[in-house]
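In: Using only what follows, build the 3D model:
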Amino acid sequence: MKNQQREKPKIFLSYAHEDIGMAKKIYNDLQRFGLDVWIDCESLLPGQQWKVTIEKAIKTSQYYLLLLSSHSVTKRGFIQKEMKVAYEVFEQCSEDDIYIIPVRLDECEPSLKISEINWIDVFPESKYAEGLKKILKVVNPEGLILRSEAVALSEGDAAEMIRKFGFFDRRKNPESIVFNHKYITKTGQEDNIVIDKTTGLIWQRGGSLEEMQRKKAKVYYIKNLNKNKFAGYNDWRLPTLEEAMSLMRPERNNVKLFINSVFDFTQYWIWTSDLDQDKSAWVVDFSNGDCFPASASVHFYVRAVRSIN
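Out: As a prediction, this is how the structure comes out:
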């Protein structure tokens with residue numbers, strides 16, 4: 001089974017410098033979803049010719065995210081030059097292509113040319129999440145790109161991540177975004193797996209048949225999966241908290257778990273690879289619909305994952 005890894009779309013973020021605070025917020029949130037965002041204050045390197053570099057970045061981006069505000073619509077200067085380059089690219093696009101994405105930060109009046117393109121509002125603050133979701137629907141239509149490397153997360157970090165992605169958690173985010181996962185099951189005598197086209201991940205349909213300490217999960221269970229090439233692969237690992245929480249559903253299934261019934265019900269709570277800041281490890285609990293840090297000496301199940309390569 002060979003799949004090409006999904007390429008991250010490159011997004012150029014254009015803004016007036018008076019709006020740098022909101023520009024950085026949008027930049028950070030899009031990066032949190034695994035997207036490749038170009039913004040001058042973060043992406044320009046020392047010694048680069050900034051005019052040439054910016055023009056090249058615009059021309060090589062799949063999307064031009066234009067932040068509109070009462071500052072930018074009346075401003076003259078380099079933002080207008082950026083827009084001129086973007087329009088040159090836009091004119092080469094077909095009528096069905098989306099390239100320029102206007103995003104209003106306040107009640108500004110876009111120029112006549114921009115007003116011909118449907119824009120997104122991210123104000124007031126209560127509408128920001130809805131606006132971000134609309135941006136993601138355009139720039140990341142294939143689904144979620146999740147972090148695969150383990151990190152240390154505080155309770156606050158975990159709660160922020162869950163809200164940003166819109167994952168369901170009964171305590172941290174009861175009002176969630178419902179993701180339409182594209183699950184494909186592959187069943188065999190010893191290689192039951194679930195392929196998630198939305199996240200680009202392959203999961204064990206089941207997992208460990210017994211609960212175990214985290215060290216045993218990593219050193220024994222995962223190691224044996226890879227040694228025996230479970231389902232033909234030798235790169236199985238513990239999921240990150242992001243990856244494991246992506247499986248959480250806001251409704252219980254027929255066996256009262258907050259997970260799609262395509263997965264085995266035995267592994268109702270599972271270890272992740274992420275640590276808490278006090279060196280506990282994060283656990284996802286599909287029976288209660290939440291996640292929490294737990295001592296590595298406690299016993300939980302394992303459901304291994306791998307990325308589609």
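
In: State the distance from residue 165 to residue 244.
Out: To residue 244, residue 165 is 12 Å away according to Cβ to Cβ, to the nearest Å. (Glycine included, C-beta is placed from N, CA and C.)

In: More neighbours: those two, which one.
Out: Just comparing residue 165 and residue 244: by other Cβ atoms under 10 Å the higher neighbour count belongs to residue 244, 27 against 20.

In: Report the contact partners of the closest residue to residue 174 other than its chain neighbours.
Out: Distances taken as Cβ to Cβ, 6 or more residues apart in numbering place residue 168 nearest to residue 174, at 7.3 Å, with adjacent residues excluded. Residue 168 makes contact with 174, 176, 248, 249, 250, 258, 289, according to Cβ atoms under 8 Å, 6 or more residues apart in numbering.

In: next one: residue 201
Out: Counting by Cβ under 8 Å, 6+ apart, residue 201 touches 146, 195, 239, 243, 246, 305, 306, 307, 308.

In: again, only this time at 6 Å
Out: residue 305 (Cβ atoms under 6 Å, 6 or more residues apart in numbering).

In: list the helices and strands the lowest-mean-pLDDT helix or strand in the chain packs on?
Out: When each helix and strand of the chain is scored by mean pLDDT, DSSP states H and E, helix 128-139 comes last, with a mean of 87. Packing contacts for helix 128-139, counted by 3 or more Cβ pairs under 6 Å, 6 or more residues apart in numbering; DSSP states H and E, involve strand 120-121.

In: Note down every partner strand of the strand it packs on and its orientation.
Out: Its sheet considered, strand 120-121 pairs with strand 100-104 (parallel) by DSSP bridges.

In: Now tell me what touches the strand it pairs with from outside.
Out: So strand 100-104 is contacted by 63-68, 86, 90, 114, 117, 119-122 (Cβ under 6 Å, 6+ apart).

In: Let's see which of the residues you listed end up in helices.
Out: Among those, the members found in helices (DSSP state H) are 86, 90.

In: which of the contacts of strand 100-104 count as buried?
Out: 63-68, 86, 90, 114, 119-122 (16 or more other Cβ atoms under 10 Å).
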